[in-house]
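S.K.: just a sequence and a predicted model for now, questions to come.
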Amino acid sequence: MEQCDLPRPPSRFDTVRQALPRLLPFLSWWPLVNRRTLRADLWAGLTGAVIVLPQGVAFAAIAGLPPVYGLYAAMIPVIAAAFFGSSHHLISGPTTAISLVVYATVSQLAIPGSPEYIRLVLALTVLTGLAQLGLGLARLGGLVNFVSHSVVTGFTAGAAILILTSQLGHFFGVTLPGGGDFLGTWLAFFRQLPAINPRVAAIAAATLALALLFRRLWPRLPGLLLALVGGGIVCHFLDGAAHGARLVGALPASLPPFSLPDIDLDTFRVLFPGALAVAMLGLAEAVSIARAVAVRSQQRIDNSQEFVGQGLANILGGFFSGYASSGSFTRTGVNFEAGAKTPLAAVFSAVFLALVLLLVAPVTAYLPIAAMAGVIVLVAANLVNVRAIRHIAVTDKAEAGILAATFLATLFVGLEFALYAGVMLSLLLYLRRTSHPHFITLAPDPASPHRSLVNVRRRPLRECPQLKILRLDGSIFFGAVNHIAEELHRTVLASPEQCHILIVGSGINFIDAGGCHMLFHEAGSMRLSGREIFFCSLKGEVMELLTRGGCLARIGAQNVFRDKASAIAGIVSRLDPERCACCRERVFSECAKRPGGEYVF
């Protein structure tokens, strides 16, 4: 007799081979690299490098950093996120919202642009990366789902207004107090209206107009970069430098220098709340952008792996003079449209950016700050998603309230608090909805061959005078037990002649100990008042907990049925025969067998 081979237990080598793609995710896409993909990735990388050059300079200005730090943030972090993330097309780097949160967090502790400010920003970046890496290693990628679309939309709209406000002085050539709040900055600006520098305003307006023109007529060209060049030319012809138009100055033609972040206990205590806000916002941005592109590329995204990639990007970025980064919607979209095939396109964009920085850094000496303000205003305007705001306002009033609260908190309270407040409001809304499950009243449809149960709100149907049929849509847990008990009492008071209640439990996903205790108590109370409560169509997990908790014994196994048909057949036979004899409703087919059955309609 031949002996069949038993399956071989997995060896240590098999275990390591299965774990490697998670530890080193680039191993999963590296076999896709060939001559054709390299050509496509090289072109996409070159396009991305041209796009990020003006963006990096502008974002650094928003973050209160020297311009070159925005370019540093688009080098090492981009490579780390490409190799250790899960998306094939996501491009990381500096973003507007992250830059603004960094500025709001650190500007209260040091003067923007000072060595102390830069030290704190790099420390904040490393703390942000550690928080993201920890969440990723713990496989908590689902946390990003708690940052709802309404929160992100309201936050980015508020951030756009704050960015525009921060550029008023640079755009119009007036001196405004640094670090002022939203209303204070605008009041100071209105007081400075007579002091507006017309040449500075003309340079900024010309740059903004050129950027809009390139985006409208030639969208494939690097419009922001060409607009900055145009702004520099306008500044030259207006002799702006001699009339109050300040210049950026030459960028250092060097690669990102190694920097050792200085994080002591005091720094950790002061920066960690802001780092956590930056981490959650950055993860929400990166994952949402990766998912949006994955829909078009037919790729599956691992949220937790993206957490790991973003965490390593920020940790390494902090050690190489880059401030906090995240996924960029603009550069990711350009990367995909340019034909990128693998994450090597992101690596090539970082390499090309380094080469561009080494070659053209001295040219930035002629770049006017007013031109950068014009570009930043356009970038800020693009953050306001009017279509999404209108859709949320029309679709869900509660979500619209969360959006408005997040938006107003961003403007008047603080960026970190606004993000936390938005998430907490979303959670409270979710808890309110889950703790208020719906009771739907059902009745047999006489037009259906089997008299199917339908919602009486959709079709006014006759109900049995002795039996109330309810469908419970929601789980029975500690947060919902009071609401369910109140609804049962309200139903009994509203229909006192219907002395029996059948609950269709197909919509009950789970029940906890608190829910079991509530049903135990309600079944006993109704029995004492001469009423009965029945259940049908309960899921296996619910039945198991009711049995284990002793609730089924109190309700009575004879009061729990497998499905609706067996429930109605079993309950009708137990109704009061005297009331059935004089009943003219006859809503169930089983009523024909009851006393007075000749009255079936």
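M.R.: Noted; the coordinates are in hand.
S.K.: test my guess that Leu276 contacts Ala131.
M.R.: Yes - applying C-beta atoms under 8 Å as the test, Leu276 and Ala131 come out as touching, 5.7 Å apart. C-betas here are computed from N, CA, C, even on glycine.
S.K.: between the two, which one's more packed in?
M.R.: For Leu276 versus Ala131, the count of surrounding residues by other C-beta atoms under 10 Å is larger for Ala131: 22 against 17.
S.K.: what pLDDT does the model give the spatially closest residue to that one that is not a sequence neighbour?
M.R.: Using C-beta to C-beta, 6 or more residues apart in numbering and skipping the chain neighbours, the partner closest in space to Ala131 is Ala279 (4.1 Å). Ala279 carries a pLDDT value of 90.
S.K.: which SSE is Ala279 in?
M.R.: Assigned by DSSP states H and E, Ala279 belongs to helix 265-297.
S.K.: which parts of the chain are strands?
M.R.: All strands of the chain, identified by DSSP state E, fall at 92-93, 326-327, 438-444, 453-455, 467-473, 500-504, 532-536, 560-561.
S.K.: strand partners (parallel or antiparallel) of the first one?
M.R.: Spelled out, that is strand 92-93. Neighbouring strands of strand 92-93 in its sheet, by DSSP bridges, are strand 326-327 (antiparallel).
S.K.: report the mean per-residue pLDDT for the strand it pairs with.
M.R.: Model confidence over strand 326-327, given as mean pLDDT, is 89.
S.K.: which ones are touching the residue nearest to Ala131?
M.R.: By C-beta atoms under 8 Å, 6 or more residues apart in numbering, the contact set of Ala279 is 128-129, 131-132, 135.
S.K.: sorry, back to before: please identify the deepest-packed of the strands of the chain.
M.R.: The highest average neighbour count among those, using mean count of other C-beta atoms under 10 Å, belongs to strand 92-93 at a mean of 33.
S.K.: what's the average pLDDT for that strand?
M.R.: Mean predicted lDDT for strand 92-93 stands at 90.
S.K.: got it, and stretch 129-137?
M.R.: Average pLDDT, stretch 129-137: 92.
S.K.: quick check: buried residues in that stretch?
M.R.: By neighbour count on 16 or more other C-beta atoms under 10 Å, the buried set for stretch 129-137 is 129-133, 135-136.
S.K.: from the residues you listed, which ones fall inside helices?
M.R.: Counting by DSSP state H, the part of the buried residues of stretch 129-137 found in helices is 129-133, 135-136.
S.K.: and these as TSV, adding distance to Leu228?
M.R.: Listed next are those as TSV, based on distance: C-beta to C-beta, whole Å:
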residue	distance to Leu228
Gly129	30
Leu130	35
Ala131	34
Gln132	32
Leu133	35
Leu135	37
Gly136	36
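S.K.: tell me the one of those residues nearest Thr441?
M.R.: Among those, Leu135 lies closest to Thr441 (C-beta to C-beta), at 44.6 Å.
S.K.: below-threshold pLDDT in this structure: ranges please.
M.R.: Along the chain, segments meeting pLDDT under 70 span 1-22, 178-180, 292, 295, 415-416, 596-601.
S.K.: domains for it, by residue range?
M.R.: The record's domain parsing of the chain by automatic domain parsing lists 32-429, 438-599.
S.K.: re earlier: now the residue nearest to Ala131: how far from Gln310?
M.R.: Noted for Ala279: a distance of 8 Å to Gln310, by C-beta to C-beta, to the nearest Å.
S.K.: shared neighbours of the two, which are they?
M.R.: Contact with both Ala279 and Gln310 is made by residues 129, 132, according to C-beta under 8 Å, 6+ apart.
S.K.: sorry, back to before: which one of the buried residues of stretch 129-137 is nearest Leu467?
M.R.: The shortest gap between Leu467 and any of the buried residues of stretch 129-137 belongs to Leu135, at 51.3 Å (C-beta to C-beta).
S.K.: tell me the contacts of the nearest residue in space to that closest one that is not next to it in sequence?
M.R.: Once flanking residues are discounted, Leu135 sits nearest to Phe307: 5.0 Å by C-beta to C-beta, 6+ apart. Phe307 makes contacts with 132-133, 135-136, 140-141, 144, 283, as judged by C-beta under 8 Å, 6+ apart.
S.K.: appreciated, that's everything.
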